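In: coordinates only, sequence not included:
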């Protein structure tokens, strides 16, 4: 970082490493520094959103998610992360909008289809959820994502069990 003190990417990368080590507070500081250096750095905004959500700073996290996804509207993983955040905040209509935006970008994104399916099931939309999970399973198998395919298969079996 000393060789590039005014560059946002090393700050963002260090923040990500610290986050992965569980040092959330320090990570947030590096993401904020990256944003101060480069306000249009979408990844820094999205990374900051994630750590703010972990710290239960939900309003600030949402603001960062909105900024990050506005900067990279075609980033599937950013849309999915924002959708999961909104779903966790019990805001199904807004979450669904983000899930659908992500899947318009990549209709065969197995993980995205599965995440959306799980959210739909939580919202009581089981028929829709199972159809989307089957699509996720097909996509996972086609992409050679065997572990994900097994997870989806288990989930589908559990959905069919009587309560």
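Out: Right, received. Where do you want to start? None of the values given here were measured: they were computed from a predicted structure. Residues are numbered from 1 along each chain as shown.

In: Show the pLDDT at the spatially most central residue of the chain.
Out: Per CA atoms, centre = their mean, the C-alpha nearest to the average position across the chain is that of residue 81, at 1.6 Å. Note for residue 81: predicted pLDDT of 97.

In: which ones are touching it?
Out: Residue 81 is in contact with 46, 49, 50, 65, counting by CB atoms under 8 Å, 6 or more residues apart in numbering. (C-beta placed from N, C-alpha, C; glycine too.)

In: Take those and lay them out in CSV including pLDDT.
Out: Formatted as CSV, those follow (pLDDT from 0 to 100):
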residue, pLDDT
46, 97
49, 98
50, 97
65, 98
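
In: List the buried residues in stretch 44-52.
Out: Going by neighbour count (16 or more other CB atoms under 10 Å), the buried part of stretch 44-52 is 44, 45, 46, 47, 48, 49, 50, 51, 52.

In: Can you check which helix is longest in this structure?
Out: For the chain, the helix with the greatest residue count under DSSP state H is helix 126-142.

In: Now that helix: buried residues?
Out: 129, 130, 132, 133, 135, 136, 137, 139, 140.

In: which element follows whatever helix or strand residue 46 lives in toward the C-terminus?
Out: In this structure, residue 46 sits in helix 42-54 according to DSSP states H and E. Downstream of helix 42-54, the next assigned helix or strand under DSSP H and E is helix 58-71.

In: next one: that next one to chain centre, how far?
Out: Relative to the centre of its chain, helix 58-71 is centred 12 Å away, using CA atoms, centre = their mean, to the nearest Å.

In: how big is the angle separating that helix from helix 42-54?
Out: 160 degrees (axes from the mean of the first three to the mean of the last three CA atoms, to 10 degrees).

In: What residues of helix 58-71 count as buried?
Out: Residues of helix 58-71 classed as buried: 61, 62, 64, 65, 67, 68, 69, 71 (neighbour count, 16+ other CB under 10 Å).

In: For the spatially closest residue to the fifth one that is not a sequence neighbour, give its distance to residue 115.
Out: So the one you mean is residue 67. Spatial nearest neighbour of residue 67, chain neighbours left out: residue 45 (4.6 Å); criterion: CB to CB, 6 or more residues apart in numbering. From residue 45 over to residue 115 the distance is 21 Å, taken as CB to CB, to the nearest Å.

In: ok, now residue 108?
Out: Using CB to CB, one obtains 14 Å as the distance from residue 108 to residue 115.
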